[in-house]
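S.K.: Everything below, folded, please.
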Amino acid sequence: MHPHTNQSSFHPLHQHTSFDSRSESHVHTHLNSVQSMDASISSYQLDQFNPALHHVRPAKRPRVDPSRTSMSYPRKRAVTACQLCRTRKTKCSNARPKCKFCSDTGAECVYEDSLGHSSFDPASLLILDRLNQLLDRFDSATIPFSSAQVVPPSDNPAFHSSHPLQVNKENETAIEPSDEEYMRIPSSRATCDAILLWPIFGGRYPANYLLEPLLSAGCDSEDESEERGAGSIGQHAAANGRNVTLANTGIGNIAVEENVVRLVDNFIAFVHTKNPILDILTLKRYARSVAEDGPGWDEKTCLVLLTCALGSLAKPFSTSLYSSRLATTSTSSPSTDPNASTSLTTSAYDLQLSAYYYSLARKRIGLLGSTIIRSQCYLLSGVYLMYALRPLEAWHDFVQASTTYYTYLQGRMRSAASHGHGVQVSRTRRLEQRLYWSCFKSECEIRVELSLPESTLAALQYPDLFPSPPVEETDPSPSPSTTAFDPSYSDFASPSSGGSQKRYTESMNESQQHSWYYYLTEIALRRIGNRILNALYKNGNVPGYGVPVMEMLEIAADFEKQLGQWQSNLPASVKYSHTNLLIIPSNELAYMVRGRTLEIQSWLYRPFLYYAIHHPSSDPFRPAMEPFVQKALVYGSAHIRGLGVRHRHHGTWYALRTGMAEALSILAAVKSGVVDMGDETGEYGGMGEGGWRETVKQMIEILGYWEAESVDVGRSKVVLEELLQDVELIQDGACGMD
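M.R.: Numbers count the residues shown, from 1 in each chain. Down below sits the predicted model:
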C-alpha cells in the first residue's frame, strides 16, 4: 500500500506555540488517529540499513493504553531526565538547575516540571501533544531484518566489468547512532550524473559529464568579484555561451532607498515564509532606517540590501505559469530560436534589479563582525545565488554561513556556561535555532548534487532537534508609506487604519503559521531523506549497492510506512493530492512539499528500477520488486510534470537536476526493454498524457526554458535530446520487426 497523504508531523520541544484557537478543531480532528499509533521500537535502529553497521538495540516497551483520546490534557510521563538528555537518549545526571551534560556544553537545560504548561491555551496543549506523539512514531519505526542473505545484483561479474565508480572507503565517515544518521549524508550519490554511468548507457558519457561545464566555468573565472557585481547577469549569460542581450534599464541610476520597503515586503511574503531566519519586526525597522536615511556601511544595511535582492527575484506563485510543451514535434533551443521565451528574457528587469542590490550588499559583507547577522547575510547570499542558478558560488556562501555560525555558537556556549540563563526561549534563541537548521538544510541540499566537503557545523551536536515555535508578533509602528506590491496580495501591505491594522496582523499571523508548518515539514523531510540516502546509497553511486535484495525490500516498506504516517497528518496548508500525483497544487507551500516528497520517494524506489533494468524479467525477485519499480516510474513522471510551473525559487536548480535524473531513469527503463512502462492513466495518476515519451519531451522543454542561466542545464538538455532520439530509434526498430 502506498502512503496516503494528508496532515502534519513535527518534533515537539515542549515549548509553547502562539497559534490561535482556530487550530484547535483541526488538531482535535486528527488526535484520535495519532494517539492510536503503535510506538514500540527505536528509530535509531535505522543505522542497520548500512551493511557496515550491525548495532541491534532492544525494543522499547509498548506505549501505554492509547485510549486517552478524550482527554484534553494528556498526562506527562514521569521522568526525571532533562529534555535534552531525553532527546539524545542518554543518561542524565539530574543535577539542578543544570545537569552535567548541559553544563559542559552550555546548552539550555530544561526539566519538564519547570515548564509553565499551565499558561498554555487548550489549542497549544493539543498541538504539543500531537507533535510529541508524531515524533514518537518516527522514533518507533524499525525493520525486521531477514537472516537470509540474498546475492545483490552488483555481485554479478558482468556488472563489475562495467561498474561506473569505485568508492573510496577511506574518505567515508561512518555514521554511528550517536551521530544521528540524518546529520551526514553520502555526497552526490543519487544524481543525474550517477545515472548516466549506469551500465545500460554503455559508458557513453564520462563521470560528471553534466556538471563539467559548470565546474570548468568556475575554474575559468578570473575575477569572481566582477561576476558578483551589478553586471553579473549579463556576464553570467555570456560565460554560459548564450547570446542574450538585456535591455538597458538604467538600473544603475536609481536611488537605493526608492524600492527598499516594497522589496523587503516582497521578501517577507515570498522568501521568508520558506526560510524564516530573520526577525520580521527587526528587519522592517532596518528597512525603514535605510529608506529614510539612505544606505550605510553597517551590517543592518547589508542585510536589508540582500533581502531587497531576493525581493526583486521572488514572485507570487501561480499555476497559471504552468506550461506544457510548446510544440509536440519541436524542441528548438532558445540559443537558436530568438523568439523562444526563456527565464533570462522573461525576467530581465528583475534579474538586473536584483543584481544591482546584490552587488551593493557584497561590498559590505566583508566588513561584518562576528555576529549572528553575518551568518544570516551569508546564508541569504547563498539563497540569492541559488535563485540565480549559480550553485557553486552559493555553496561557498553556505559554507561561510555555517562556519561563521559555528564560531558564533562557540562563543555563545562559553558565555552561557559562564553566566547561565533561564528556561525561557528568547527571541535570539529562536533565531539561532532556525539559522542552524537552515544552514544544515542548505548544506545537505547542495551536497546531494555536488561532491563537496561538509562544514564544521555538520559535526556539531546541536541540542535542539527542531526549532522552537514562533511567537505571535505585531508591528507596533508600521510604515504608512508601504503599499501593496500586487493588488492580489494586498494583505501584505502595511495598514493605514485600525481596521486594516487588525486584518494585516491576522494575515501575517496566519502566514506565519503556514510558514511554520512548511518549515518543520522541510526539516522532517530532510531528515527522512538523509536516512534513505544513508540506507541505500552509502556504499557507492549505484543505488542499493551492497544491500541484499530482501533487506532492500524491507527498508523500502519501512520508509513507505513512515512517509505514509507522516503524509496522513499534513495540515491543509501544505498537503497535496496523493491519489492523483499529476494534480499540481495551487498553493506554493503545498507545491514545494509535493516536489520534495517526490524527490525523496524517487531515491527510495530507484534501487528497484536499477535492479529491474539490469536483470532479466524472469529474475525471481522481480514480482516482489514490481510495485516499487512502477512507483519509481510514476512518481518520476509526476515530478517532471510538476516542473512545468515556471516559478523561480531557492530550489529551482535542484529541481532541474532531480527532473533530469527522473528523465534519465525513464529512458533507461525504456531502453532496457524489460520494464513495463505502465499506462498513461492508472494508480497515482499513471505516467500522464502521452506516456513516458511526452514526459521526457516536457523535461527537455523545461531545461530549454532555464538553460540560458546555467550552462550545465544546457548540457543536460542536449544529452536528454540525444538519448531520447536513440531510444526512439530502438523503439521504432522494435515496432518494425513486429
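
S.K.: going forward, measure contacts and count neighbours with C-alpha atoms only.
M.R.: Will do.

S.K.: What ranges does the stretch 551-700 of the chain have for its strands?
M.R.: 568-569 (DSSP state E, counting those that start in this stretch).

S.K.: try the chain
M.R.: When assigned using DSSP state E, the strands of the chain occupy the ranges 6-7, 568-569.

S.K.: measure the residue lying closest to Q433 once chain neighbours are set aside to T521 for me?
M.R.: Sequence neighbours aside, P467 is the residue nearest to Q433 in space, at 5.0 Å (criterion: CA to CA, 6 or more residues apart in numbering). As judged by CA to CA, to the nearest Å, P467 and T521 stand 12 Å apart.

S.K.: for H272, same thing?
M.R.: For H272, the distance to T521 equals 15 Å [CA to CA].

S.K.: Ok, I555 next?
M.R.: 22 Å.

S.K.: cool, G203 as well?
M.R.: Relative to T521, G203 is positioned 39 Å away (CA to CA).

S.K.: Who has more neighbours out of these two?
M.R.: Taking other CA atoms under 10 Å, G203 and T521 do not tie; T521 has more neighbours (23 against 14).

S.K.: So which residues of the stretch 251-400 of the chain form helices?
M.R.: Counting by DSSP state H, counting those that start in this stretch, the stretch 251-400 of the chain has helices at residues 260-270, 280-293, 299-313, 343-346, 348-365, 372-387, 391-419.

S.K.: out of the ones you listed, deepest packed?
M.R.: helix 299-313 (a mean of 27; mean count of other CA atoms under 10 Å).

S.K.: What is that one packed up against?
M.R.: In terms of contacts (3 or more CA pairs under 8 Å, 6 or more residues apart in numbering; DSSP states H and E), helix 299-313 is packed against helix 260-270, helix 280-293, helix 348-365, helix 372-387.

S.K.: The last one - what's its average pLDDT?
M.R.: This means helix 372-387. On average, the pLDDT along helix 372-387 is 97.

S.K.: what residues does that helix touch?
M.R.: Helix 372-387 has contacts (CA atoms under 8 Å, 6 or more residues apart in numbering) with 277-278, 299-300, 302-303, 306-307, 309-310, 313, 365, 368, 391, 393-398, 400-402, 404-405, 408, 432, 435, 439, 648-653.

S.K.: re the thing from before, pick out the shakiest of the strands of the chain, pLDDT-wise.
M.R.: strand 6-7 (a mean of 38).

S.K.: Just want the angle from the lengthiest helix in the chain to helix 260-270.
M.R.: When the chain is parsed with DSSP state H, its longest helix is helix 498-536. Between helix 498-536 and helix 260-270, the angle comes out at 50 degrees (axes from the mean of the first three to the mean of the last three CA atoms, to 10 degrees).

S.K.: For helix 498-536, buried residues please.
M.R.: 501, 504-506, 508-509, 511-536 (16 or more other CA atoms under 10 Å).

S.K.: which other helices and strands contact that helix?
M.R.: Contacts defined by 3+ CA pairs under 8 Å, 6+ apart place helix 498-536 against helix 427-449, helix 549-567, helix 588-613.

S.K.: want to throw the helices and strands packed on helix 299-313 into JSON lines with distance to A194?
M.R.: JSON lines is the format used below for these (distance: least, CA to CA, whole Å):
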{"stretch": "helix 260-270", "distance to A194": "33"}
{"stretch": "helix 280-293", "distance to A194": "41"}
{"stretch": "helix 348-365", "distance to A194": "32"}
{"stretch": "helix 372-387", "distance to A194": "22"}
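
S.K.: between the ones you listed, which gets nearest to V711?
M.R.: Comparing the helices and strands packed on helix 299-313 against V711 with CA to CA, the closest turns out to be helix 372-387 (14.2 Å).

S.K.: quick one: low-confidence parts of the stretch 1-150 of the chain?
M.R.: Counting by pLDDT under 70, the stretch 1-150 of the chain contains low-confidence residues at 1-80, 89, 112-150.

S.K.: Sorry, wrong one. I was asking about the stretch 451-600 of the chain.
M.R.: In the stretch 451-600 of the chain, residues with pLDDT under 70: 461, 463, 471-508.

S.K.: Report the residue ranges of every domain in this structure.
M.R.: 226-243+254-317+348-471, 576-738 (automatic domain parsing).

S.K.: In TSV, list the helices of the stretch 251-400 of the chain along with distance to P623.
M.R.: As requested, the helices of the stretch 251-400 of the chain are arranged in TSV below (distance: least, CA to CA, whole Å):
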stretch	distance to P623
helix 260-270	46
helix 280-293	54
helix 299-313	48
helix 343-346	44
helix 348-365	51
helix 372-387	42
helix 391-419	41
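
S.K.: and these, which one is worst for confidence?
M.R.: helix 391-419 - the lowest mean pLDDT of the helices of the stretch 251-400 of the chain, at a mean of 84.

S.K.: counting contacts, what elements does that one pack onto?
M.R.: Using 3+ CA pairs under 8 Å, 6+ apart, helix 391-419 sits against helix 100-105, helix 372-387, helix 427-449.

S.K.: Give me the angle between it and helix 372-387.
M.R.: 160 degrees.

S.K.: Skip the chain neighbours and tell me the closest residue to L589.
M.R.: Spatial nearest neighbour of L589, excluding adjacent residues (CA to CA, 6+ apart): V574 at 5.4 Å.

S.K.: Can you tell me how far the one you found is from H514?
M.R.: Taking CA to CA, one finds V574 at 8 Å from H514.

S.K.: Check A557 too.
M.R.: 30 Å.

S.K.: How about I613?
M.R.: 41 Å.

S.K.: Kindly report the same for L457.
M.R.: Taking CA to CA, one finds L457 at 28 Å from H514.

S.K.: How about E662?
M.R.: Separation of E662 from H514 (CA to CA): 30 Å.

S.K.: next one: A668
M.R.: Separation of A668 from H514 (CA to CA): 39 Å.

S.K.: What of G688?
M.R.: Going from G688 to H514 by CA to CA gives 30 Å.

S.K.: Please verify my assumption that A207 contacts L197.
M.R.: Yes. Under the criterion of CA atoms under 8 Å, A207 makes contact with L197 at 6.9 Å.

S.K.: So for those two, which residue has more residues nearby?
M.R.: Each of A207 and L197 has its neighbours counted (other CA under 10 Å); L197 has more, 23 against 16.

S.K.: Was I right to think that one contacts N208?
M.R.: No. In this structure L197 lies outside contact range of N208 using CA under 8 Å: 9.1 Å.

S.K.: thought R596 was touching L525?
M.R.: Yes. Judged on CA under 8 Å, R596 makes contact with L525 at a distance of 7.5 Å.

S.K.: Where does pLDDT dip in the stretch 601-738 of the chain?
M.R.: 680-686, 733-738.

S.K.: can you do 90?
M.R.: For the stretch 601-738 of the chain, the stretches with pLDDT under 90 are 644-645, 677-691, 729-738.

S.K.: just the stretch 151-300 of the chain next, same as before
M.R.: For the stretch 151-300 of the chain (pLDDT under 90), the answer is 151-188, 216-258.

S.K.: What about W692, how many residues nearby?
M.R.: Counted with other CA under 10 Å, W692 comes out at 25.

S.K.: actually F466, not the one I wrote
M.R.: By other CA under 10 Å, neighbour count at F466 equals 18.

S.K.: gap between T521 and S573?
M.R.: From T521 to S573 the distance is 11 Å (CA to CA).

S.K.: Need the helices and strands packed on helix 391-419 in TSV (columns: distance to L215).
M.R.: Converted to TSV, the helices and strands packed on helix 391-419 look like this (distance: least, CA to CA, whole Å):
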stretch	distance to L215
helix 100-105	40
helix 372-387	16
helix 427-449	13
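
S.K.: Quick one: closest of those to R88.
M.R.: For the helices and strands packed on helix 391-419, proximity to R88 was assessed by CA to CA; helix 100-105 is nearest, at 10.8 Å.

S.K.: Could you name the helices and strands sitting against the closest one?
M.R.: Short answer (3+ CA pairs under 8 Å, 6+ apart): helix 100-105 packs on helix 391-419.

S.K.: Taking helix 427-449 as reference, get the angle to the helix it packs on.
M.R.: Using the same axes, to 10 degrees: helix 391-419 against helix 427-449 is 140 degrees.
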